[in-house]
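1. Sequence first, predicted coordinates after that:
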Amino acid sequence: MFASSNLEGRLSLTFTPSEDVALKILAIPLILYVNWVLFGRYVSGPDVPNPFGPIFLLSGYIEDSKPEGPRYAKTYLDLAFLAYYIVFFSFVREFLAIKAGKPLARYFGLKKEAKVDRFAEQFYAVVYFSISGFWGYRVMSQMPSYWYNTKAFWTDYPHWDMKPLLKRYYLMQFSYWCQQFIVLVLGLEKPRKDYAELVAHHFVTLWLVGMSYLLNYTVIGAAVYMSMDIPDAFFAASKLLNYIQWNTAKIYSFVTFFCIWSYFRHYLNLKILYSVWFESSDVPKSSKVWDWSTGAYLPSWMPYAIWASIAALQVLNLMWYRLICKILIRAIMTKEADDDRSDSEDDGEHEKVDDKQR
């Protein structure tokens with residue numbers, strides 16, 4: 001992906017396909033789907049569903065849900081959907097890096113390959129988290145839990161039937177984080193100082209996503225998602241300004257990011273933790289069981305497991321918050337807002353960039 005050595009390049013091709021390879025993989029199910037639409041009914045009859053649809057389209061449609069308000073349930077075919085979109089994000093990541101991120105970095109005068117690669121990574125992050133943050137807001141706006149009405153996390157639990165927008169959002173997010181985890185553990189990005197924290201963060205994130213999806217906690221899961229994604233978009237934007245040395249803009253951007261991070265990743269996250277600890281008891285007694293037949297998975301010990309998982313994420317956020325506060329203080333005192341966490345791999349030098357408007 002952004003690997004420089006031959007070994008890293010081979011790993012990238014083997015485990016995270018290159019742009020061309022990924023595009024070919026993505027095209028195969030689409031071609032098979034279209035062929036089935038055109039010719040499948042002559043072979044199997046008109047009532048046989050397209051077997052290639054679940055690879056890239058939602059499956060698990062609940063037949064007795066209303067046409068004006070369709071609902072979807074979990075299904076094993078979701079695994080095919082996840083696999084397809086892991087490849088999709090490999091393609092998008094590579095495509096944006098090569099076609100947009102790297103050319104933009106060079107336009108702003110970055111010459112060192114390490115800096116160009118880092119710029120491309122953050123460009124991809126801005127694009128992804130901006131879209132996912134807006135998508136998460138839209139999903140939440142259609143649910144009783146809108147704007148962190150935390151009591152709705154537990155109302156009518158279990159939430160096993162999902163609106164299509166929520167299910168697609170959840171599975172796309174799951175695919176993204178699976179792909180990011182592959183990139184991280186294979187070392188396809190140059191490691192930062194906080195590599196251990198990033199690995200822990202990805203483990204906790206994947207655990208929370210998988211657990212909340214399987215155990216029907218998607219309402220609270222969507223709230224956690226949005227509290228993470230929106231700050232990440234602002235952080236990546238601040239990093240871009242830092243790389244191109246727009247010094248005044250990056251200070252204002254970093255202060256904005258600090259406020260947004262504080263609100264979303266700490267205030268709202270702590271509000272969610274409060275809800276898990278004190279409001280989960282509002283779930284009807286009939287749902288405080290572990291019952292596969294009803295989709296209720298909230299026995300007496302489960303709130304503690306949920307709380308501990310989200311608290312682990314909060315601990316990691318607090319570790320980064322400490323660093324963010326140090327950078328903010330340094331920015332106020334010296335007007336320098338460099339991120340020591342991630343720039344140490346860039347040979348310790350600040351390259352000169354064109355003197356554009358800052």
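-> Cool, the structure landed. Residues are numbered from 1 along each chain as shown.
2. Would you state the strands of the protein in chain order?
-> For the chain, the strands defined by DSSP state E occupy 290-291, 296-297.
3. What are the buried residues along the top helix by length along the chain?
-> In the chain, ranked by residue count with DSSP state H as the criterion, the top helix is helix 302-334. For helix 302-334, the neighbour count (16 or more other Cβ atoms under 10 Å) marks 302-303, 306-307, 309-314, 316-317, 320-321, 324, 327-328, 331 as buried. Every C-beta, even on glycine, is put in place using the N, C-alpha and C of the backbone.
4. do stretch 250-264 as well
-> Neighbour count says stretch 250-264 has 250-251, 253-254, 257-258, 260-261, 264 buried, by 16+ other Cβ under 10 Å.
5. For Pro29, state which of these is nearest.
-> The closest of these to Pro29 turns out to be Phe264 (Cβ to Cβ; 35.8 Å).
6. Spell out which residues sit in contact with the closest one, please.
-> 226-228, 230-231 (Cβ atoms under 8 Å, 6 or more residues apart in numbering).
7. PyMOL command for the buried members of these?
-> A single PyMOL command is used to select the members of these judged buried by 16+ other Cβ under 10 Å:
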select buried, resi 226+227+228+230+231
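8. Can you lay out the contacts of Phe264 as a markdown table showing distance to Ser44 and pLDDT?
-> Shown next, in a markdown table, are those (distance: Cβ to Cβ, whole Å; pLDDT from 0 to 100):
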| residue | distance to Ser44 | pLDDT |
| --- | --- | --- |
| Met226 | 42 | 95 |
| Ser227 | 46 | 95 |
| Met228 | 44 | 96 |
| Ile230 | 46 | 97 |
| Pro231 | 49 | 97 |
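9. Relative to Ala222, how far out is Tyr304?
-> In this view, Tyr304 and Ala222 are 22 Å apart by Cβ to Cβ, to the nearest Å.
10. Same question for Ile230.
-> Computed with Cβ to Cβ, the distance linking Ile230 and Ala222 is 13 Å.
11. what sits in contact with each of these two?
-> Gly136.
12. Nearest residue to the residue nearest in space to the middle of the chain in space, please, no chain neighbours.
-> Centroid-nearest residue in the chain: Gln173, 4.7 Å away (criterion: Cα atoms, centre = their mean). Counting by Cβ to Cβ, 6 or more residues apart in numbering, the nearest residue to Gln173 once its immediate chain neighbours are dropped is Tyr225, at 5.9 Å.
13. mind checking pLDDT for Asp47?
-> pLDDT for Asp47: 79.
14. Tell me how far the residue nearest to the centre of the chain lies from Ser287.
-> 25 Å.
15. Next one: the residue lying closest to Tyr33 once chain neighbours are set aside relative to Gln179, how far apart?
-> Distances taken as Cβ to Cβ, 6+ apart place Phe52 nearest to Tyr33, at 4.2 Å, with adjacent residues excluded. Phe52 sits 22 Å away from Gln179, going by Cβ to Cβ.
16. swap in Pro299?
-> From Pro299 to Gln179 the distance is 33 Å (Cβ to Cβ).
17. That's all I had, so thanks and see you.
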